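J.: Using only what follows, build the 3D model:
(chains A and B)
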Number of protein chains: 2
Amino acid sequence: MADKSLDKGSSGEDIRYDHKWGFTDTYFKVNPDHTVTVTGSRYALSGTVMHEFLPFVEEMLDIKIDFDNLKPEVQNKPVAPARLNETFYQAVQAQLSPDKVSIEDRERLIHSHGQTTADEVYKVLYGALDRVVDMVVYPESQEDVALIIKLAGQHDVCLVPYGGGTSVSCALQLPQNETRSIVSVDMRRMDQILWIDHENFRAGVQAGIYGKDLEARLERLGYTSGHEPDSLELSTLGGWIATNASGMKKNRYGNIEDIVESVTMVTPRGVIESGPAMPRQSLGIDPKQVAFGSEGNLGIITSAVIRIHKLPEAKKYGSLVFPTFKAGTAFLYELAQTGTLPASIRLLDNIQFRFGSALKGEPTRWEAIMGDIQKFFLLKVKKFDPHELCAATIVMEGTKEQVEYQAKLINRMAKKYGGIAGGETNGKRGYMLTYAIAYIRDFLTDFHIIGETYETTVPWNKVQAVLDSVAVQVFKKHAEYGLPGRPYISPRITQLYHTGVCIYFTHGFSTLGVANPDEVFSEIEHSLRETIMAAGGSISHHHGVGKIRKDFMKHAISPAAVELIKDIKQANDPQNIFGIRNNIFAESAAAERVGG
Amino acid sequence: MADKSLDKGSSGEDIRYDHKWGFTDTYFKVNPDHTVTVTGSRYALSGTVMHEFLPFVEEMLDIKIDFDNLKPEVQNKPVAPARLNETFYQAVQAQLSPDKVSIEDRERLIHSHGQTTADEVYKVLYGALDRVVDMVVYPESQEDVALIIKLAGQHDVCLVPYGGGTSVSCALQLPQNETRSIVSVDMRRMDQILWIDHENFRAGVQAGIYGKDLEARLERLGYTSGHEPDSLELSTLGGWIATNASGMKKNRYGNIEDIVESVTMVTPRGVIESGPAMPRQSLGIDPKQVAFGSEGNLGIITSAVIRIHKLPEAKKYGSLVFPTFKAGTAFLYELAQTGTLPASIRLLDNIQFRFGSALKGEPTRWEAIMGDIQKFFLLKVKKFDPHELCAATIVMEGTKEQVEYQAKLINRMAKKYGGIAGGETNGKRGYMLTYAIAYIRDFLTDFHIIGETYETTVPWNKVQAVLDSVAVQVFKKHAEYGLPGRPYISPRITQLYHTGVCIYFTHGFSTLGVANPDEVFSEIEHSLRETIMAAGGSISHHHGVGKIRKDFMKHAISPAAVELIKDIKQANDPQNIFGIRNNIFAESAAAERVGG
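T.: Numbers count the residues shown, from 1 in each chain, chains lettered A, B, ... in the order given. Below is the predicted model of the structure:
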């Protein structure tokens, strides 16, 4: 039945950056001839010499990169002295074990931010964080977690759950007004698959496991959870639950709420969990629902029971080229209504499509010939406008037969909207690019370029309005702030639902000569969220609210619902031990800006 | 875009029984020759003369029906005088309108029970209810609901939300210790489809709409919600949400939590709801989750936004015969892992299969010949044991191509498990029987036979253990209580999930000569739930907890989770206006029985 012990997967070679995104073996490097190479061998893109990358950036942003004027990272990053709660520190060392505690400056700094561009990464790399955690603890069991919470209550310290540190909603940003000692609870030593139930296809998993490790260990046993958020390599199960994560292959495997059957969360009042995990049940108000979206406000998610699937017999990538984004969206609209969706299908706009091309290396002679033929066909025969066409990347999984059926259905339907098959190689490449391009933000920052992605959910009939109004607002704000060059704004549709889609925007601009680029960026981001919601988009599809979207909660839930959430907090954590202040508990600094 | 007004569907010809299940045009009638006919023309079964029905009942229960000894229904049903809260009554009449209030005895009695066999229907038909509501109000708008709640708070009355009255968990049973005046809030005048959003495939619907009316009105516009609980004709949208309902076609359309995008619930503290409905979003802890499974404890669900689907291009029924229930279950197990499931597939055990045959009328000559050939093939050629074989009924929906593909996949896979196609007619008949057979319970009660269905969720590898232990326990209890004849116990699998199934048991026995049949039945039911859960089943798949399963909540959620739910209640309804006391709020009368 259930294996009670499984070897701990080793991921010793994965060394993360302290503050930037990703692993240290990987970075985008400018060669003397101004081509760019991705170092290491981690990704499909690694080793590729990219000639067109920087010219594309210059064209898009309407700037000239000055290679002699790089933005300097602060070398010896300032870390304020720890406001150590001595009695808590003593108690934790005595009752937990000294190797589960750190007050080292580097550790403290690493645990004091997530990956939000302007408010977090920018600050730590180029300035200083306003507040740094005073201690880091590393529980190794649920008992450790319960003990830490108990001691925190006794000694009046503030606890901040820490998973993969990939939050892009300022959920890990520490509240300025917190006067207590702040202790980061790093969950990453709780990274075990506790058991596998081979007959019922589920696993008990500790919350601190990285997605990457989870998948690698499941794969060795012939399984997958099917959860593939863009942050898969760096984010954890507990973080997925706390933020309502979504994966690229949700059409086949579901979003995190579909994957997780039960959750164990330790709060100051006790352990919130349900009995044996069930495929589905009706037990009244389901207590696990307070773990989803809890964003660190309530307690610490220690483990969950998740669904696992046998590795699919067949997996096939595909791609499609459409004459316009509108045509591609219309295709997705029809496809979504069939109920037969590939594991993943994403629609990239013209800019991202061209960006993908810019990331290609020198083609071989054969590739060059084939590329020319393809280009000729698209532009001359089909008369696609090279500045209008867009592309979809597709992943199909299942039995061979299911995959073939899906491919047939998709290709046939795509034709109705002028879509042309773009080949498996391009599909796979586009899908896999996701992980490597996440490093580009930190690369471009060297050249005074700031960027971020925003996601939102949009009902089908509001897609165009959201796209249009964001495009207008980005340029308006750009001009208003007198920013150099042109803004980069590029949407992709990443998830399909019966009633709408998830749209991801990539937004960036040059900040050369801008006095306070991070503040300007934050303000524009805030105004874009306002624009998105006014046009019919949601507060967030899966990143969560954290602190940056706090001002918009009044449009997301009713006043009585706000009171309800506050009462849940009050009941579980009356001392506010979990004082990270996300979502409706966030301090309203930003509210001033929009009169909210 | 969204139609703001739609005609109210007329369902004037649907007259419900006051206390029994269903509509008054339909009942099972014994003919002078002891054949049975279903009256009216509402169902496929209506008009059929069934020769084998009563002999089958006699065989199964090992009894002889005495047609001269019928169980007499109480004719003038006792209704205790209303404990009228005069000031509330005055206020409601003045501020609401007199035609939205009733203190009539018949109305009060109808609103004082659900459809739980022993604890409710048996009591009202053959004895007397312990407590009857003192007044019934009929709000016609969300404002009416808010006003009623406000007045209830001011005048200290207890409110009980009432939808279709189909609860089978004693959720509508009134608490004996309630000293306040109890007012039933009948939601059925709030039965409008408020708007249809044709582009995004969703509808805003008032909570008091019957499933049948919802589907009829959607169908006229070319849509379906796809939600088909067995109680579809009589239950309401609000009730589905409050109990976590599940529909027969959930594989294609989802369970209620997948169908509903947003909920509006009025509580004493205010309106709990979220902003514009979204396909999916991450807004922190989702307040709508407290409406799901609220079971009348928190407030009144007034409306919801639901997903709707274009009527499928193709719909096809099918059936399969398997040599054994075990073989059928093994087939379902493999099918569930493919991810390509028909809208509905249900597996009936041998007894239910034979019962289905007993409900058939006299065959035509051609049917008789075909039946003989089929029987010969199954029993002689395939050597199926007539007392072991079982059947699956299937509904496939989608495009013609999808339906064909599903049928092909199912038939091919079924062969691996010895399954044989049983034809479309049998499939359709089996599926449609659901609605008509619900009347049988009340028919058989005339002959001193008591019966009920129990549902549970079971992980795949516990299915056999649950089936076996229930079978053993039923006979053990039957003997223990010295009941006449033999118990009828028959399972079917009604829902498939990745990690398990929903099992429905039908249980019944003759109570001839038993002094307190309803109490005996309740006690056996309680003991069977204990058996089910000990063997690995859940507290409920979709009926909910109500009062009958209250004792088992301690196995379903942790103590801290119980406190959490209590706090949610306390925060929203500190006066306990919604004092129906379901789930963890139920009085623990039954606890004594099991030492819990």
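J.: give me the low-pLDDT residue ranges for chain A?
T.: A:1-12, A:588-596 (pLDDT under 70).
J.: For the stretch 101-250 of chain A, just list every one of the strands.
T.: Taking DSSP state E, counting those that start in this stretch as the criterion, the stretch 101-250 of chain A carries its strands at A:101-102, A:135-137, A:158-162, A:182-186, A:193-197, A:202-206, A:223-224.
J.: what would those strands look like in CSV with distance to chain B and mean neighbour count?
T.: The C-beta positions use only the backbone N, C-alpha and C, and glycine is treated the same way. Formatted as CSV, the strands of the stretch 101-250 of chain A follow (distance: least, C-beta to the nearest C-beta, whole Å; neighbours: other C-beta atoms under 10 Å in any protein chain shown):
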stretch, distance to chain B, mean neighbour count
strand A:101-102, 26, 18
strand A:135-137, 22, 24
strand A:158-162, 15, 27
strand A:182-186, 18, 26
strand A:193-197, 8, 20
strand A:202-206, 5, 25
strand A:223-224, 12, 21
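J.: of all the ones you listed, which lies closest to A:Ser538?
T.: The closest of the strands of the stretch 101-250 of chain A to A:Ser538 is strand A:158-162. By C-beta to C-beta, the value is 24.6 Å.
J.: quick one: buried residues of stretch A:426-437?
T.: A:426-431, A:433-437 (16 or more other C-beta atoms under 10 Å in any protein chain shown).
J.: Please identify which pair of those lies farthest apart.
T.: It's A:Asn426 and A:Tyr435 that sit farthest apart of the buried residues of stretch A:426-437, by C-beta to C-beta, at 16.7 Å.
J.: A:Tyr405: how many residues sit nearby?
T.: Applying other C-beta atoms under 10 Å in any protein chain shown, we find 19 residues neighbouring A:Tyr405.
J.: Can you spell out which helices and strands pack onto the helix or strand encompassing it?
T.: Taking DSSP states H and E as the criterion, A:Tyr405 maps to helix A:400-416. When contacts are defined as 3 or more C-beta pairs under 8 Å, 6 or more residues apart in numbering or on different chains; DSSP states H and E, helix A:400-416 packs onto strand A:314-322, helix A:325-338, strand A:390-398, strand A:420-421, helix B:400-416.
J.: and among these, the most buried is which?
T.: Using mean count of other C-beta atoms under 10 Å in any protein chain shown, the stretch among these with the greatest mean number of neighbours is strand A:390-398 (a mean of 25).
J.: what is the orientation angle of that one with helix B:325-338?
T.: 160 degrees (axes from the mean of the first three to the mean of the last three C-alpha atoms, to 10 degrees).
J.: Point out the residues in the stretch 301-450 of chain A that sit beside chain B.
T.: Contact residues (C-beta under 8 Å from any C-beta of the partner chain) of the stretch 301-450 of chain A with chain B: A:307, A:309-310, A:337-340, A:398-399, A:401-402, A:405, A:409.
J.: nearest residue to A:Ile449 other than its sequence neighbours?
T.: Nearest non-adjacent residue to A:Ile449, counting by C-beta to C-beta, 6 or more residues apart in numbering or on different chains: A:Ser510, 5.4 Å away.
J.: quick one: the strands in the stretch 401-550 of chain A?
T.: A:420-421, A:449-459, A:488-496, A:500-510.
J.: can you give me the offset of stretch A:319-339 from its chain's centre?
T.: From the chain centre to the centre of stretch A:319-339 is a distance of 24 Å (C-alpha atoms, centre = their mean, to the nearest Å).
J.: wait, stretch A:545-562
T.: On C-alpha atoms, centre = their mean, the centre of stretch A:545-562 falls 20 Å from that of its chain.
J.: coming back round to it: which one, of the helices and strands packed on helix A:400-416, ends up nearest to A:Met265?
T.: Of those, nearest to A:Met265 by C-beta to C-beta is strand A:390-398, at 31.2 Å.
J.: Would you point out which residue of the stretch 301-450 of chain A is nearest chain B?
T.: Nearest residue of the stretch 301-450 of chain A to chain B (C-beta to the nearest C-beta) works out as A:Arg307 at 5.3 Å.
J.: Look up the residues forming beta bridges with that residue.
T.: On the basis of DSSP bridges, A:Arg307 is bridged to A:Arg202.
J.: now do A:Ser344
T.: A:Val395.
J.: repeat for the one 4 residues further on
T.: Going by DSSP bridges, A:Leu348 is paired in beta bridges with A:Ala391, A:Arg492.
J.: so who does it touch?
T.: A:356, A:390-393, A:430, A:492 (C-beta atoms under 8 Å, 6 or more residues apart in numbering or on different chains).
J.: still on that earlier bit, adding distance to A:Ser169, write the strands of the stretch 401-550 of chain A out as TSV.
T.: Formatted as TSV, those follow (distance: least, C-beta to C-beta, whole Å):
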stretch	distance to A:Ser169
strand A:420-421	38
strand A:449-459	10
strand A:488-496	17
strand A:500-510	14
